[in-house]
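[1] Got a predicted structure here, sequence first:
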Amino acid sequence: MHELSVCLALLDQVEAIARQHHATRVERIVLRIGPLSGVEAPLLQNAYPLAAAGTVAEKAELAIETAPVRVRCRECDAESAATPNRLLCGQCGGFRTDLIGGDEMLLAHLELSVPEDGNTP
């Protein structure tokens with residue numbers, strides 16, 4: 001399952017950030033995933049508990065936001081929203097566009113539990 005390996009890589013990044021901030025727990029993870037990223041959000045949600053078991057993020061809520069598909073037109077240079085199967089310019093209708101958003105998977109936000117003094121217990 002591709003999403004399990006994505007979760008494992010995500011948790012490596014989350015754990016590194018938690019260590020940097022001396023966090024005892026990760027409360028919430030917010031991901032921004034574009035529809036053209038190749039990652040299926042429901043499968044990622046299903047894989048998360050298995051990947052997070054035994055980590056500081058084991059009890060964390062995994063929230064997933066959808067990133068919009070955006071294109072830049074090569075004809076009129078406009079940036080506009082598009083749909084995954086119609087990457088047309090929203091301004092002039094041109095088909096010569098470059099994808100500028102919607103294919104990403106980003107760690108957008110983390111909520112951590114940190115001891116009052118900022119040190120590990």
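    Structure received. Since the structure is predicted, the reported quantities are computational estimates derived from the model, not experimental observations.
[2] The protein: helices as residue ranges?
    2-20, 41-52 (DSSP state H).
[3] Compare the ones you listed and give me the one nearest Met105.
    helix 2-20 (7.3 Å; Cβ to Cβ). Just so you know, the C-beta spots here come from the backbone N, C-alpha and C atoms, and that holds for glycine as well.
[4] Can you list the buried residues in the closest one?
    3, 6-7, 10-11, 14-15, 18 (16 or more other Cβ atoms under 10 Å).
[5] and those, which two are the farthest apart?
    Glu3 and Ala18 (21.5 Å).
[6] which residue ranges form the strands in this structure?
    Secondary structure of the chain (DSSP state E): strands located at 25-33, 61-66, 70-73, 79-81, 97-101, 105-113.
[7] which one of the ones you listed lies closest to Asn46?
    Across those, closest to Asn46 is strand 61-66 (Cβ to Cβ), at 10.4 Å.
[8] Could you figure out how far the closest one is turned away from helix 2-20?
    Inter-element angle recorded for strand 61-66 and helix 2-20: 120 degrees (by axes from the mean of the first three to the mean of the last three Cα atoms, to 10 degrees).
[9] Could you pull up the residues touching the closest residue to Leu50 other than its chain neighbours?
    Nearest residue to Leu50, sequence neighbours excluded (Cβ to Cβ, 6 or more residues apart in numbering): Leu4, at 6.7 Å. Counting by Cβ atoms under 8 Å, 6 or more residues apart in numbering, Leu4 touches 47, 50-51.
[10] out of these, which are buried?
    47, 51.
[11] from the contacts of Leu4, which is closest to Gly101?
    Closest to Gly101 out of these is Ala47 (24.6 Å), distances taken as Cβ to Cβ.
[12] Distance of the closest one relative to Ala9?
    To Ala9, Ala47 is 12 Å away according to Cβ to Cβ, to the nearest Å.
[13] ok, what's across the strand from Ala101?
    That one is not Ala; residue 101 is Gly. Arg70 (DSSP bridges).
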